[in-house]
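> Take a look and give me a structure for this.
(one chain, ligands or ions: 2)
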Amino acid sequence: MTQQSNTDEIKKGLAGVVVDYTAISKVNPETNSLLYRGYPVQELAARCSMEEVAYLLWHGELPTQEELAAFEELERAGRALDPVVKRVIDELPTTAHPMDVCRTAASVLGARDTRAEDSSRATNLAKAADLFAAMPAVVAYDQRRRHSDSRGQDPIEPRSDLGYAANFLWMAFGEEPAPEVVRAFEVSMILYAEHSFNASTFTARVVTSTLSDLHSAVTAAIGALKGPLHGGANEAVMETFEEIGIDPSESHEDAKRRAKDWMDAALAQKKKIMGFGHRVYKHGDSRVPTMKAALDDLIAYYGRPEILGLYDGLEQSMDEAKGIKPNLDYPTGPAYHLIGFDIPTFTPLFVASRIVGWTAHVMEQLENNSLIRPLSAYNGPDERHLD
Ligand SMILES: CC(=O)SCCNC(=O)CCNC(=O)[C@H](O)C(C)(C)COP(=O)(O)OP(=O)(O)OC[C@H]1O[C@@H](n2cnc3c(N)ncnc32)[C@H](O)[C@@H]1OP(=O)(O)O
Ligand SMILES: O=C([O-])CC(=O)C(=O)O
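Numbering: from 1, shown residues only. Ligands and ions are numbered 1, 2, ... in the order given. Modelled structure (predicted):
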């Protein structure tokens, strides 16, 4: 291959490159749709629990009642914070970003897993279910310890009478959450669970393609999700809201006006606005209407119309100025804020959900593996010699 033909083939950021098949989800920007194993994500979000969706993504079919009961039992049994993970977290400074804490926890759980070198499908399914069950306690405990005095706040014991989403909120806040809040949170978890070959999932597949283990793939994927061009954008959205200023006594219209002014000034300075744009969807993210409806429910439940004013103001002025639409991180940011999570916890919430998609892709990659190793076009100095 000549240098010239090599260069012609370069696709920066792999934009538009199809690298493999997947049967896990279908992102279709033409129809603005997202299917998990063939089911529209909107239908799943309206009718299913997070546990059912996790089962579907891993197994390819929704569980029967018996299969669901068995999976729920397994998930509930694995919720407690691992004592070694707790000790390691306690050694980390409370200034550590919660994504670094999640990444460390995934790595510690891998090092403690006696099945580490077994990558059979049955073992990987068990490892995936364990990680899915374990991560909420990590996220919840880390938020609690960051808001306590130097002795730390004890983790809240999980409740086996609550579903995945309700128990997650219980462990984070120590209060039984209202059904409206649980439902909105569960919808966000379902929407975040899977999205084909996004950057973090591709990272997991690259690691898996070397025949490394599932926990290594998830640990690397967490690192990829952290960046603001990917999962980190949900935190950046809320930082934007805070920069504009949140005033619960303000009307929807006043908040909207201030948000529009902020956006016009930011775009005039050519700033990139987090929570807008997408590599695949160019006419709007298929998941946003469903998450926006969940956000509307939270705004009504908490009585916070000014949040909607900020949301509408930014969205409208971005649309008018550049025609760029919000992505899923745009409605989840204010939704998590209303629920009571602090901003650095937002991307770890994404982790807890996306563990499902990452691990489904780990198993799919192994079913028909080929080492992922693209080529590069060299543009460094010509050959030279030491003399
Ligand atoms: C769950 C998720 O991970 S969803 C993604 C979350 N990430 C964000 O919200 C970060 C903000 N958005 C972005 O940075 C981008 O839209 C990305 C990275 C998501 C997608 O990027 P790409 O497909 O590479 O599009 P690209 O960055 O080339 O943008 C195309 C044009 O739109 C502009 N644009 C895209 N997104 C934005 C944005 N959020 N704010 C301002 N301008 C934008 C670019 O500046 C570029 O303009 P130009 O052609 O005049 O240079
Ligand atoms: O698909 C992408 O590039 C990013 C995204 O929306 C996701 O991972 O959910």
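> pLDDT on the helix of greatest length in the chain, on average?
Counting by DSSP state H, the longest helix found in the chain is helix 121-146. In this model, helix 121-146 has a mean pLDDT of 97.
> now for that helix, which elements pack on it?
Judged by 3 or more CB pairs under 8 Å, 6 or more residues apart in numbering; DSSP states H and E, helix 121-146 is in contact with helix 50-59, helix 65-77, helix 83-91, helix 98-112, helix 164-173, helix 214-225, helix 346-367. Bear in mind the C-beta positions are built from the backbone N, C-alpha and C, glycine included.
> and the angle from the third one to helix 98-112?
Here helix 83-91 runs at an angle of 150 degrees relative to helix 98-112 (axes from the mean of the first three to the mean of the last three CA atoms, to 10 degrees).
> counting contacts, what elements does helix 83-91 pack onto?
helix 98-112, helix 121-146.
> Just the buried positions in stretch 26-37, please.
27, 29, 32, 34-37 (16 or more other CB atoms under 10 Å).
> and residue 26, what element?
Following DSSP states H and E, one finds residue 26 within strand 25-28.
> Within the sheet, what are the partner strands of that strand, with directions?
Here strand 25-28 has these sheet partners by DSSP bridges: strand 33-36 (antiparallel).
> Could I get the average pLDDT for the partner strand?
Taken as a whole, strand 33-36 has a mean pLDDT of 96.
> With stretch 233-246 instead?
Rounded mean pLDDT across stretch 233-246 is 96.
> Does it reach ligand 2?
No. Stretch 233-246 stays clear of ligand 2 (CB under 6 Å from any ligand atom), getting no nearer than 9.2 Å.
> what's in contact with that stretch?
Here stretch 233-246 makes contact (CB atoms under 8 Å, 6 or more residues apart in numbering) with 228, 258-259, 262, 273-275, 306-307, 310, 314, 327, 329-330, 332-334, 336-337, 343-344, 346-347, 349-350.
> ditto for stretch 317-327
233, 259-260, 263-264, 267, 273, 275-278, 281, 283-285, 288, 315.
> Please, a PyMOL command that selects the buried ones among these?
Buried residues within the contacts of stretch 317-327, by 16+ other CB under 10 Å, are selected in PyMOL with:
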select buried, resi 233+259+260+263+267+273+275+276+277+278+281+284+285+288+315
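> Can you give me the distance of the residue of the stretch 101-250 of the chain found nearest ligand 1 to residue 133?
At 3.5 Å from ligand 1, residue 233 is the closest residue in the stretch 101-250 of the chain, using CB to the nearest ligand atom. Separation of residue 233 from residue 133 (CB to CB, to the nearest Å): 27 Å.
> Enumerate the residues of the stretch 1-150 of the chain near ligand 1.
Applying CB under 6 Å from any ligand atom, we find that the stretch 1-150 of the chain lies next to ligand 1 at residue 13.
> Tell me which residue in the stretch 251-387 of the chain sits closest to ligand 2.
residue 279 (4.8 Å).
> residues contacting that residue?
Per CB under 8 Å, 6+ apart, neighbours of residue 279: 13, 15.
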